[in-house]
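Chemist: Could you look at this predicted model? Sequence included:
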Amino acid sequence: MNVVSTSPSATEILYALGVEPVAVSHACDYPSEVEGTPRIDASNIEGETSGERHEQLKAASADGHVYSVDAEKLRAAEPDLIVTQEVCGVCAVDTTVVDGVLADLEVDPAVVGLSASRLGDLDTCIRDVARATGRADEAEALIAELQARLAAIEERAPETGPRVTVIEWMDPIHIAGNWVPELVSVAGGEYGLAEPGQSSVECPWSDVVEFDPEVLVVAPCSYGVEQTRDRLVELAERPGWDGISAIKAGAVYGLDGSSYLTRWSPRLVDAAERLASVFHPDAFGPPPGDVGRLSTPATS
């Protein structure tokens, strides 16, 4: 079976089930085996700062040109199945784009559109992919493993934890939503600026200051930790930054958002484990090396 994936989340689920796609999205970078796989699309967003990228996204979304799909590469892949997504047309190629391209091609593959907004939806997506690829046994084993790891985190996490804010975009400020509030809760933190299942939305900076997080996790979509560190000035220059408890305590951390928080893939459980080590290092040990500490405690 020739399987094409148009989103990183779908690609990660496919590989976790033992299915190697014949073509993928430009943003598919995990696992390492995907390197060298043909890419069927490209992003039209190239801004350097968060604000520039945001404005380009708005303009591209308005006329439907966030991504360019290479119809000939898609045709050459001879897909029997395309696994796409129905969550966010600015995050990856979605069902609408796929249907539009297929209308002009002489191929008629099955199309599975994945959708998630809560942590439990990951199990549903895994089963949907498994059903389409004949991997039911592999899916149930994977789901059982992920659930066991989440249960182990909840069991070890202290009953009380720090106030936490996870920022998904720095200019304008967007607070991470969807499954992130649940991940924070599993890891033993208190999340106060978004509800489980709520889409990530723009938030006034004054609300962040008022909430006064004791831990601030900066995890912009499509930014690595070092890029986040370089762009942290977009937050640090805002009024009230120095008075936030997390800044005074040196508890500002960078996390690769695309790797751990913005994709509904098995790595959401990896994210929960990393968050637990940030919130409760005495119980879980220090965070792994791919979690960057972006600030140090203030001196008196």
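Modeler: Right, received. Where do you want to start? Numbers count the residues shown, from 1 in each chain.

Chemist: from here on, contacts and neighbour counts on C-alpha atoms
Modeler: Noted.

Chemist: and the gap between L294 and P172?
Modeler: Counting by CA to CA, to the nearest Å, the gap from L294 to P172 is 20 Å.

Chemist: More neighbours: which of those two?
Modeler: Ranked by neighbour count (other CA atoms under 10 Å), L294 and P172 place L294 first, with 21 against 18.

Chemist: isn't the more buried one right next to I247, touching?
Modeler: No. Taking CA atoms under 8 Å as the definition, L294 is not a contact partner of I247, at 9.4 Å.

Chemist: since we're on G243, how many residues are nearby?
Modeler: G243 has 11 neighbours, counted by other CA under 10 Å.

Chemist: ignore the last one, E210
Modeler: The tally of other residues near E210 (other CA under 10 Å) stands at 10.

Chemist: what's in contact with the helix or strand where it lies?
Modeler: In the assignment (DSSP states H and E), E210 maps to helix 205-211. Residues outside helix 205-211 that contact it (CA atoms under 8 Å, 6 or more residues apart in numbering) are T165, I173, G192, L193, R238, G240, W241, I244.

Chemist: which residues touch G254?
Modeler: Residues near G254 by CA under 8 Å, 6+ apart: V217, V218, A219, V225, T228, R229, V291, G292, R293, L294.

Chemist: hmm, 6 Å instead?
Modeler: V217, V218, A219, V225, V291, G292 (CA atoms under 6 Å, 6 or more residues apart in numbering).

Chemist: For this structure, which segments are assigned as helices?
Modeler: 8-16, 50-63, 71-76, 95-102, 121-133, 136-156, 180-186, 205-211, 225-231, 233-236, 245-249, 257-260, 267-279, 281-284 (DSSP state H).

Chemist: S199 is nearest to which of these?
Modeler: helix 180-186 (10.0 Å; CA to CA).

Chemist: Surely W179 touches A116?
Modeler: No. Assessed by CA atoms under 6 Å, W179 is found out of contact with A116, at 8.4 Å.

Chemist: Name the residue in the two with the higher neighbour count.
Modeler: A direct count of neighbours by other CA under 10 Å for W179 and A116 places W179 higher, at 26 against 20.

Chemist: where in the stretch 201-300 of the chain is pLDDT low?
Modeler: The stretch 201-300 of the chain contains residues with pLDDT under 70 at 299-300.

Chemist: max-length strand in this protein?
Modeler: The residue-count maximum for a strand in the chain (DSSP state E) belongs to strand 163-170.

Chemist: pLDDT (mean, whole number) over it?
Modeler: On average, the pLDDT along strand 163-170 is 96.

Chemist: Check the offset of it from the chain's centre.
Modeler: Between the centre of strand 163-170 and the centre of its chain there are 13 Å (CA atoms, centre = their mean, to the nearest Å).

Chemist: Likewise for stretch 286-298?
Modeler: Put simply, stretch 286-298 sits 20 Å off its chain's centre (CA atoms, centre = their mean).

Chemist: Span of it from start to end?
Modeler: Using CA to CA, the two ends of stretch 286-298 sit 20 Å apart.

Chemist: give me the beta-bridge partners of the closest residue to I175 other than its chain neighbours?
Modeler: Of all residues not flanking I175 in the chain, I167 sits nearest, at 4.7 Å (CA to CA, 6 or more residues apart in numbering). For I167, the beta-bridge partners under DSSP bridges are I175, V218.
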